[in-house]
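Peer 1: quick one: sequence and predicted model below, then my questions.
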Amino acid sequence: MVSLWSLVGYGVGGVIVAGVALLVAFQEKLVYVPVLPGLAKAYAVTPARLRLAYEDVWLRSSDGVRLHSWFIKLSPNCTGPTILFFQENAGNIAHRLEFVRIMLQRLHCNVFMLSYRGYGASDGYPSQHGITKDAQAALDHLIQREDIDTSRIVVFGRSLGGAVGAVLARNNPDKVSALILENTFTSILDMAGVLLPFLKWFIGGSSSKGPKILNRLVRSPWSTIDVVGQIKQPILFMSGLQDEMVPPSHMRLLYNKAIESNSECLFVDFPNGMHMDTWLSGGDRYWRTIQLFLDQYVPQTRRSSRSRIDDDNDGSNDDFMER
């Protein structure tokens, strides 16, 4: 006769199995959120609403998916770097326009904003394999432009965008000048255990001690911890210590992995920074950190970069002390 406790055990086990099955089946719905609850997929605003001069750019990824993007210039004759911006997992590029508006003003740069497949006006459905192709299409487009300095293309990624940017930088050491990562996770495998602690035993990244029997079922692992150690370009890590979604320890782990083989890595934390508002709570220090990084590693005249670095290091460059 089956005991009560056995029935309870079977019931709990069944619930766990059913929950895991649902997570595996609908994992893309959890990783990628092109439409925010209560909002339409269409862009709520365009750069024109913020009085930004922009160009609608339509691309084709290598597998034929049609992609939409915005290319925004501070001015027709802007000679600053071009930042290829990769957004977080939720919403579309229109939701990042205020951030980009300030970026243009503070960094005197151009910004290219890509809508991943399935996001905004882009066709297709998001996946790691597909978005990697999308990012490459965006970079290939920039390399072919004649109105920018193609030797000063900087990749900037926040959260999921950091994972995307890391792969692109790793794959294009001769095309990407530098990489900026903000509040990025070590891997989706590790994030599964953060969001659903009962999964830690079944799924996880390289630091997980469980059997990780479900890892092979994850279609978008985005293992940034494995990619970042292969990147040769300078990397700026910006971590909000109040991040409520990605544990700040993930950024520290990424930095520690990167410096094993890359001496041009900088880590700066922002005590009040949350996942989405580090750029707001960081204030002037946030933008000054990026500007100094660009001045040091992506100078307008590479030959004179060392003298410019020495000028900046007169005691006012404390933000670049590893913390």
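Peer 2: Perfect, thanks for sending it.

Peer 1: so how far is F99 from P248?
Peer 2: Applying Cβ to Cβ, to the nearest Å, one obtains 20 Å for the distance of P248 from F99. For glycine as for every other residue, the C-beta is placed from the backbone atoms N, C-alpha and C.

Peer 1: repeat for I259
Peer 2: 28 Å.

Peer 1: G38: how many residues sit nearby?
Peer 2: Other residues within reach of G38, judged by other Cβ atoms under 10 Å, total 5.

Peer 1: tell me the secondary structure at it.
Peer 2: Using DSSP: H, G, I helix; E, B strand; the rest coil, the secondary structure recorded for G38 is coil.

Peer 1: mind listing what it touches?
Peer 2: Listed by Cβ atoms under 8 Å, 6 or more residues apart in numbering, the contact set of G38 is empty.

Peer 1: offset the numbering so it begins at 25, please.
Peer 2: From this message on, residue numbering opens at 25, which makes the last subject G62.

Peer 1: need the pLDDT of it.
Peer 2: On pLDDT, G62 comes in at 84.

Peer 1: what's the distance between it and G115?
Peer 2: Here the distance between G62 and G115 works out to 11 Å (Cβ to Cβ).

Peer 1: ok, now R84?
Peer 2: For R84, the distance to G115 under the criterion Cβ to Cβ works out to 24 Å.

Peer 1: please say which of these two ends up with more neighbours.
Peer 2: Just comparing R84 and G115: by other Cβ under 10 Å the higher neighbour count belongs to G115, 18 against 13.

Peer 1: tell me the phi and psi of that one?
Peer 2: phi 80, psi -160 (degrees, to the nearest 10).

Peer 1: from I172, how far out is it?
Peer 2: The gap separating G115 from I172 is 27 Å, by Cβ to Cβ.

Peer 1: likewise G264?
Peer 2: Counting by Cβ to Cβ, the gap between G264 and I172 amounts to 30 Å.

Peer 1: so which of these two has more stuff around it?
Peer 2: A direct count of neighbours by other Cβ under 10 Å for G264 and I172 places G264 higher, at 26 against 20.

Peer 1: just give me the neighbour total for the closest residue to the more buried one other than its chain neighbours.
Peer 2: Closest residue to G264 apart from its sequence neighbours, by Cβ to Cβ, 6 or more residues apart in numbering: G297 at 2.4 Å. G297 sits with 23 neighbouring residues when counted by other Cβ under 10 Å.

Peer 1: doesn't E268 make contact with G297?
Peer 2: No - G297 lies out of contact with E268 (Cβ atoms under 8 Å); the separation is 10.4 Å.

Peer 1: show me where the stretch 25-174 of the chain has strands.
Peer 2: Ranges of strands within the stretch 25-174 of the chain are 78-84, 90-96, 106-110, 134-138, based on DSSP state E, counting those that start in this stretch.
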